[in-house]
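Colleague: Sharing a model prediction with you, sequence too.
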Protein chains: 2
Amino acid sequence: MAEKQYVYSFEEGKGLGKTVLGGKGANLAEMVLLNLPIPPGFIITTEACESFYKNNSKCPSYVMEQIEKHLLALEKKVGKRLGDKNDPLLVSVRSGAAVSMPGMMDTVLNLGLNDVSVEGLSSKTGNARFAWDSYRRFIQMFGDVVMGVDHDKFEEALNHVKKETGAKVDTDIDVAGLKKVVQLYKKAIISSTGKLFPDDPREQLTMAINAVFGSWNNDRAISYRRLNEIKGLLGTAVNVQTMVFGNTGERSGTGVCFTRNPSTGENKFYGEFLMNAQGEDVVAGIRTPQPISKLEKIMPKPYAELVKIYKDLEKYYRDMQDMEFTIQEEKLYILQTRTGKRTAMAAVKIAVDMQKEKLIDEKTALLRVSAKQLDQLLHMQIDPAAKKNAVLFTKGLPASPGAAVGQVVFTAEKAREWAGVGKKVVILVRTETSPEDIEGMNAAQGILTSRGGLTSHAAVVARGMGKCCVAGAGDISVNEKEKYFIVSSTRIKEGDTITLDGSTGEVFKGPLSVIEPELSGEFGQLMAWADKYKRLGVRTNADTPHDSKVARSFGAEGIGLCRTEHMFFHEERIRAVREMILAESLEKRKKAVSKLAPFQKEDFIGIFREMEGLPVTIRLLDPPLHEFLPHEEKEIAKIAKELNVTADFIHKRLEELKEFNPMLGHRGCRLVITYPEIAEMQVEAIMSAACELAKQGKKVFPEIMVPLVGIKAELDFNAKIIREVADKTIEKYRIKVDYKVGTMIEVPRGAITADKIAETAEFFSFGTNDLTQMTFGFSRDDAGRFISDYLAKGILETDPFNALDQEGVGEVMKIAIEKGRKTRKNLKIGICGEHGGEPSSVKFCHKIGLNYVSCSPFRVPIARLVAAQSALEEKGTDSKLVSEKG
Amino acid sequence: MAEKQYVYSFEEGKGLGKTVLGGKGANLAEMVLLNLPIPPGFIITTEACESFYKNNSKCPSYVMEQIEKHLLALEKKVGKRLGDKNDPLLVSVRSGAAVSMPGMMDTVLNLGLNDVSVEGLSSKTGNARFAWDSYRRFIQMFGDVVMGVDHDKFEEALNHVKKETGAKVDTDIDVAGLKKVVQLYKKAIISSTGKLFPDDPREQLTMAINAVFGSWNNDRAISYRRLNEIKGLLGTAVNVQTMVFGNTGERSGTGVCFTRNPSTGENKFYGEFLMNAQGEDVVAGIRTPQPISKLEKIMPKPYAELVKIYKDLEKYYRDMQDMEFTIQEEKLYILQTRTGKRTAMAAVKIAVDMQKEKLIDEKTALLRVSAKQLDQLLHMQIDPAAKKNAVLFTKGLPASPGAAVGQVVFTAEKAREWAGVGKKVVILVRTETSPEDIEGMNAAQGILTSRGGLTSHAAVVARGMGKCCVAGAGDISVNEKEKYFIVSSTRIKEGDTITLDGSTGEVFKGPLSVIEPELSGEFGQLMAWADKYKRLGVRTNADTPHDSKVARSFGAEGIGLCRTEHMFFHEERIRAVREMILAESLEKRKKAVSKLAPFQKEDFIGIFREMEGLPVTIRLLDPPLHEFLPHEEKEIAKIAKELNVTADFIHKRLEELKEFNPMLGHRGCRLVITYPEIAEMQVEAIMSAACELAKQGKKVFPEIMVPLVGIKAELDFNAKIIREVADKTIEKYRIKVDYKVGTMIEVPRGAITADKIAETAEFFSFGTNDLTQMTFGFSRDDAGRFISDYLAKGILETDPFNALDQEGVGEVMKIAIEKGRKTRKNLKIGICGEHGGEPSSVKFCHKIGLNYVSCSPFRVPIARLVAAQSALEEKGTDSKLVSEKG
C-alpha cells in the first residue's frame, strides 16, 4: 500500500483529474500548468480520504509520511518553514471533492501560526496588527472547525475585549487588544474541550487534514449529496496551499474580476478590488471596493500582468472567466479562475460575440446558454436592486414567469372594468380561478391565487397568456366577498398595489421597479442557430389569433394545441354554451349549438390566417359541461333570467352534472359520444374556416384532435363524425383542403393500446398533464397538499407536473410511441402538455423520438434552444455545456 | 366449379362439420348417423351461400342443379312429390349458420302447398281444416319472409274473416273461412308487391332458398354478428327437410322433453306434450300440455321408442338432452336434440350424478357447471313464479346478487334501529351510500341506491357483506329528508315493503316469495374436485372475523384484502378517528390514534384466529380522511360538541380536506407520508395481535400491504416504518412471527415501475378497481353516466368495472408481472379488486400467472370453480364446456 501515491504537488497533478484530485485540486494543477502565479502547495487525494475512513477516521501513517515529504518540499520551494520564528510558512487547508459542494465541508486558513511564529510574521511584514489579527482569526477558525468549539464562545471573547478597549468595530482593536483576544480564545478552547490549543504547526496540520476529511461525512454534506444525487465518490481531497495576504499593507490588495461584463456581456474587463484587504473583506461589503480599471494607476505592473493573464485565460478556456486574485507586496497571485456566472442577457451576448471572435463555433455557442436563463429574457423582471429593500410578505409557487406590478382586485369583472375603462394595471387575486375568470385574467397583468398547484387552472391559463402568476400562496387568506386578503397580520384591500415575481413565487407589498425584457439582436442570432441544428419541431399552444401571432414571432412552427373551449367563455358566447347545456331535447341543443358556429368559425379564420402555411392542431371540446355553468346564486339567477328558465332548473341540471371526480368524468371524446352535435358544429366551423381561406389562396393545414381517447372505438366514433362533416364541408366549398384526424394520448389505456388506436389516428399528441395525473393517480388540483411533503421527504425530486417524470410517465410514452409506430410507421407524434416547454422534458421528448413539442408562446424560444442542445449533445460535440447553475 | 358438391343429403353429411353444413345441418347429419327417426332432407352448404353472394344474390345454376337432383332423390325416398295433388311432399326451409344466431335469419314452413296440393293434403290426411290452415299459414310466412309483405296485411285479412264468420279465435275459423283467408292473403300479396303468389312449388323453393341466403345479410343478422364478434363465416347453410305434422288428428302430437329434470337435476325423464298440435302450440301456451309420463298410456309404442332414444342419446352425448319430437299418425319423429339448459342446482347435480354413473369424469363434471350459474346457488333468489305477476317498477344495476324483501328505510340510523330493537327486515334506500352508512347497510337485508355504478360504495360494500344490492336506479328520486322515494308516479314511503333482485337489478313493489339457497352435497363434491385441479389460489376480501369465517366455510385459502378502514366506522371508534383528523398537533394526533389501537388489535385477533394457518393480507388505511368526517350540519354540531371543538372549526377542516378529485387525492400511502403515526399504530396493532396468538401456539401469517404505491420511494418510506414497528413488536413479545411487506399495484405508475417497486415489495396485489379507474380515466362513481352510452353504442362490450378489461388494464397487469418477477423471481402476485370473483377475469388471472385471486366471501366458490376450469382448459381436456348460455 505504501508505494501508492496519495499526495501530489500542484505541478505533479497534471492529468490526474477530478476523481482523484477533487475539483479544486485539479483546477490548481491546471492553473500551474498555464504558468499562472499560483501560491504553491500540494493535494492529498480522494483516495487518501477513503483510506482515512478505512482507518477508523484517522489518516494512515503511510499517508502522513507522504504529507510530511511534500511539506518539506514546499518549505524548500517557498523558502519558509512552518512555525518559523522569523518568516513562517502559513498554509490554508481546504476540502475539494470531485463535484462541487459549496459550503458543505470545512476550510482552515492561516495554519502555522503560534505564539512564536506570529512574531516572525509580524517582524517580516512589519505589521504587528496584521500578524496578531491573522493569529486570532486562525485560532477562531481552527477552534470552530477542527476542535468543535461553539462559535459564540469566540464572539463573547471578542466582544469582551472590544468593550474593554472601547473598540467599536473589530478593526479598532489594537495589537494589545488582539493579544488579549488570543489569550481569551485559547481559554475558551480549554474550557469547551478540555484540550489545549495545539502550538505545534505540524500537529495543527494533521488535525486540520483529519477534520477536513471528517467533514465529508457531516450531516450537511450527506444530505447535500442525497438531494443532489451525488453518488459513487470516494471522498474529498484536501488542498494544502501557501497563504498569501492582501492585507499586509498599502502595497497589497485583493480582488475579483471577470473577463467580460457578467451583467451585460460586454467584452470589457470587469471587476473590483480593495487595497490592504483579505478576500473576505470584499465579500463582507464593509468597505466599498474600487473598479478594476483604477488598479492600473495604483499598481501598473501587477495590473498589466493581470490583464495579460485574463486574456490568456479566456483564450485557453474559450469562455468568460471569474478570477480571484491577491497582490502581496506588489506581487500578483491568482487564487482561482473558473467559468463566470452571468445573467441571461450576458450569456446570450457572450456566446454570440465569442462565435464572431472565432473563439467558439455556433454549436458551442448554443450550448453556452441555459434554457432556464432564457426564460428571464422573455419576461419582465423585478429589478434585483429593488428586491433588496422590498417587503416580501409571502411566497407561492412560481406558476408563470415574469413580474407584475398592479392594484389588487378580487373579481374577474372588476379586473375587466378597471383595466378597461379605468385603464388601470391590476392584479387579480383569487382563492382559485375558474374558466369563468378567463376574461378577467386576460385583463390583469398578473394573477395570484391562494390555492392550486403548478398546473392549476390559474397556472395553465396564465402561462398560455404569457402572464405572470403566483399560485397556491397558501399563507394568504382571500376574502373575495369583502375584498381583501390577509397575510399574517397584513391586510391588503382592493386597490392596494402589490408586486408579483412569477419566476420565484415571491409576493411583495407595494410597487417594485421592473426591467423590461429585451430581445436583442444576439438573441435572434442564437435562435437562428438553434433552428439550424434542432431536429425536434417546436409548435405552440394557442387559442386566439393574438397568441398565434405572438408565438409565430417567437418562432413557433405551427399550433400543437388549440383549445376550443377557451373560445367558449367570451361573454356573447357563453350564453349559447349554457343554452346548449341546459337544453332538454336534441332540437333545442342543436339550435343552441348552431349559435356558436359563427363565433367558432371566426376564431378559426383568425388563427389559420396567422398560422398560414403551418399546421394547426385543434382539439375538440374537452372539459366537463358543468365547468360552463355558473355556481354562485347571483350568477345562477342572472342566467336563469337570460335563458328564461327557473333557477331551480339550473340547480337541478347542476346537480345532475355534478361529479365526484370530474377529472375522470364525462369529458373529452366522451362528450361527443353522448352529444355528437357539439363535435359536428365544431368540425364544420373548423373546416368552413379552412375552406374559405383556401379559396383565398391561403395554405391551411387543419389537424383535428380528439381528446381523452382510451379505447379505439371511442376514436372511431369521433373520427367518423369528423370525416363525414369535414368531407361534406369540403364538398360544399368545392376546394381541396388536406386535413388530418388524430388523437391526444393522455389516458394510460390510450398509450397501452396505441397500436390499435393508430389504426385510426393519423397523429398522436401526448397530453402529459392528464397522463401524469392518471399515471401517478395525482389530481393536479389537489396534489399540492402532499407533493410538498413528497419533495421535502425526498420521495419526489421534482414536481412531475413541472418536469416530466421520465421513469414512469416517460415509460408510458415510450410504449405508446413504439406501439403507435408499429401500426403506422410514420406516425407524427407530438406533446402538448405543459411539459412541452420545460427544458429537461423537451430533451426527453427529443430522445424518445417525438416529431415536435408544443408549448406556451413565451416558452417557444426555450424549447427551440433545448431542442438544438439536445441534438448537439446527441451528436457528441466536444464543447462543454454551461450547467443549469452556471 | 360445377363438380364441387354444394348440396348434401342428411346421410351424406357425416363428418363435414358446422363450417360447411351449419350448426343445424351438422346436427341433423349426426342424428341420422345415430339412426334417430329424422324427417329426411338435404343441406345446401355455407359455400353455396358464398356463391350466392358472388352471383349477385342469386343461387348460381350449378347449385340449383344440385338442389334439383337432391329434391328428386328426396321425393323418391319419402314416396311423395312436391305439389302432388294426392299426397304432396311438404318441406321446411331453414337457415343454419356455423354459429347459432337464434331468430336472426329466416325460416319457411309447409312449402309445397298450392291450390292443387292443398287438396291432396286434405284428402290424404282426411283433415281439410288442417290442410287449409297449413296452406294459409304457409302463404302468410312465405309472403312475409320471402316476398316482404307487411305482417299487418295478413293480420287484417284474418281479422276480417274472423269478424265475418263470427270466429273468436283463429281455431274457430272453419274450412270455408280458411279458403276465404287464402284468397285474401293472395290479394294482399299482389297489392303489396305487384306480384302473384307463386303457385309452382319449385319456384316457391327457389325463392325461399334465395330469401334464406339473403337473410344472412339483413340488418339484424349483421348487427348480431358484430355484437357477438362472429367473424370469418362464409354465410348460412339452408336445410330443406320433409315436414311432419303433429296436428293431423288424434293419432298425432308433439312435445318437448329432457333426459333429466332441468330444474332439480333429478335423473328422471321429464317433459310435456300436446296431442293434435304443432310445436308452436306448445310454446304459445294456449293449451296446457300434459306431462310426458302420460304419453305412455296414450301411445305406448312411440313412447317406448322415445324412452329408448333418450337413453341412447344421453349415453351418446354424455349430457342431459333437450329433445323436440312430433308424432304423426303414431310414427315418432325426432326434430331436434341438443344439450338441455338447466338451473344452477340441476347443473351441479347432473354433473356430479353423471360422474357417479361413470358417464363423465371429474374434469368434465367441473366444466359442466358455469360460474355464472353458481352465483344463483349462493344467494337467496326470487321465486321465478312470483316474478310473473309482480309489479316491476324500476331497474337499476345488478350490483350484488341475491334477493331482499323488506321495509324501506332512508337512513342508516333507522335501519339499525328497526333491524335491532324492532327486529324488522329492512331495505336501506339512499341516493348514494357513504362510509358513514356502513352499520346501517349491515343491518339491512338489501340496499337500493339511485346513483352510482357497479363499483360504487354501496355496490362494493354490499358485495363484501354478501348483501343484495341494486345500485344506480336512475329512475327513482329519493327524498331522504321527507322519507319517501318516487318512481314515475308511485310514491314509496318509509315502512312500505319492496323486493329487490340484486342479480338482475329489478325492484318490485310489495313482497315477493323467495327461495333460500341450498348448498347440497353435490355442491360440496364439485368444489372438492375444483380444488383438486385448480392451480390459482382463492382468497377472500374480508374485514371482520364473521366475514372471515363465512369465507373460510366457502373454501377461502386466506385473506387477500382486509380493509382496515371499515373497522373505523363502528360507533365507538369513529370518534377517535375524527379526533385524530381534527388534531392540530402531532401529540394530539398521536393521542387520538392511540385510542384506536386496542380496537384494531381486537379486530385482528379475531380475524387471525378465524384464518389460523392461512395468510392474512392487511391493507393500511386507504381512503382520504374527509370520508370520516360528517358532512351534515346536524352531525357536525353533534361531533363538535362531543370533541369539544366549534362547528366552525370542523367546517374549516372540512374545507381544508376538500378535494376536487378525491380519487386522485391525499389517500393511501400518501397519508402515511404525511401522518406516519397512523401507520405506526396500525402495524403495532396487527403485529401485537399476531404475536399474542403466536404465543398461544396459533399459526399466523400477516402480510402487511401498502395501498396506492406509484413510486418506489413511497413504498420504501412506508416499508421502513412497517418493518421498524413490526420488528420492535416482535422483539417485545419475544416470539417468532413471519410477516411480509408488500404493495397494491393499482396506480398505473406502480405497474410501469414494478421492477423497481419489487426491490422492496415482497408481494404484489392488483387493485383492479383503482387500476381500471386510472387506466381508463373513468371515475367509477361518475362513469355510470356515460358507460351506458358506451355499451349502447358498442364502444365497450362490457363494463370494465364488472369484467376486467384484458386488452388495456390486463396489458398493464402483464407489464407489472413481467417487470416485478424480473426483479424478484418468485414474487407472489394476487388480485384483490372486485374482478377477483368475476369468471372471465379469474380465467384471465390464471392465464397471466397470478398466484391467487381474492374476492368477496360469496364469490369464493365461483372463483374456485373458474380456477379449476381454467386449469383444465389449459391442459386441453377432451370434454366440452357448457357455454355460459347453456
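Modeller: All right, it came through fine. All figures in this text were calculated on a predicted structure; none of them were measured in a lab.
Colleague: burial count for A:Leu586?
Modeller: Residues near A:Leu586, counting by other C-beta atoms under 10 Å in any protein chain shown, number 11. To be clear about C-beta, it is placed using only N, CA and C from the backbone, and glycine gets the same treatment.
Colleague: same question, A:Ala761
Modeller: 29.
Colleague: my guess is it contacts A:Thr743, does it?
Modeller: Yes: with contact defined as C-beta atoms under 8 Å, A:Ala761 counts as touching A:Thr743 (4.5 Å).
Colleague: what sits in contact with each of the two?
Modeller: Common contact partners of A:Ala761 and A:Thr743 (C-beta atoms under 8 Å, 6 or more residues apart in numbering or on different chains): A:709, A:715.
Colleague: now stretch A:721-739, how far from the centre of its chain.
Modeller: 46 Å (C-alpha atoms, centre = their mean, to the nearest Å).
Colleague: hang on, I meant stretch A:547-555
Modeller: Distance, centroid of stretch A:547-555 to centroid of chain: 24 Å (C-alpha atoms, centre = their mean).
Colleague: The helix or strand hosting A:Gln204: which residues count as buried?
Modeller: Element membership for A:Gln204 (DSSP states H and E) is helix A:201-215. By 16 or more other C-beta atoms under 10 Å in any protein chain shown, the buried positions in helix A:201-215 come out as A:201, A:204-215.
Colleague: Reformat those residues as a markdown table; add distance to chain B and pLDDT.
Modeller: Output for the buried residues of helix A:201-215, formatted as a markdown table (distance: C-beta to the nearest C-beta, whole Å; pLDDT from 0 to 100):
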| residue | distance to chain B | pLDDT |
| --- | --- | --- |
| A:Pro201 | 47 | 96 |
| A:Gln204 | 43 | 97 |
| A:Leu205 | 42 | 96 |
| A:Thr206 | 39 | 96 |
| A:Met207 | 37 | 96 |
| A:Ala208 | 38 | 96 |
| A:Ile209 | 36 | 96 |
| A:Asn210 | 33 | 95 |
| A:Ala211 | 32 | 94 |
| A:Val212 | 32 | 94 |
| A:Phe213 | 30 | 94 |
| A:Gly214 | 28 | 93 |
| A:Ser215 | 27 | 91 |
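Colleague: could you dump the residues you listed to a markdown table with distance to B:Ser57?
Modeller: Output for the buried residues of helix A:201-215, formatted as a markdown table (distance: C-beta to C-beta, whole Å):
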| residue | distance to B:Ser57 |
| --- | --- |
| A:Pro201 | 111 |
| A:Gln204 | 108 |
| A:Leu205 | 105 |
| A:Thr206 | 105 |
| A:Met207 | 104 |
| A:Ala208 | 102 |
| A:Ile209 | 99 |
| A:Asn210 | 99 |
| A:Ala211 | 98 |
| A:Val212 | 95 |
| A:Phe213 | 94 |
| A:Gly214 | 94 |
| A:Ser215 | 92 |
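Colleague: Okay, A:Leu708 and A:Gly148: tell me how far apart.
Modeller: According to C-beta to C-beta, to the nearest Å, A:Leu708 and A:Gly148 sit 61 Å apart.
Colleague: How about the secondary structure of the residue in the stretch 51-200 of chain A that chain B sits nearest to?
Modeller: Ranked by C-beta to the nearest C-beta, the top residue of the stretch 51-200 of chain A for proximity to chain B is A:Val99, at 22.3 Å. Following DSSP: H, G, I helix; E, B strand; the rest coil, A:Val99 is assigned to coil.
Colleague: Tally up the residues packed near it, please.
Modeller: 13.
Colleague: who's in contact with it?
Modeller: Here A:Val99 is in contact with A:18, A:23, A:228, A:230, A:233 (C-beta under 8 Å, 6+ apart).
Colleague: ok, now A:Leu804?
Modeller: Residues in contact with A:Leu804, defined by C-beta under 8 Å, 6+ apart, are A:768, A:772, A:810, A:833, A:835, A:838, A:840-841, A:844-845.
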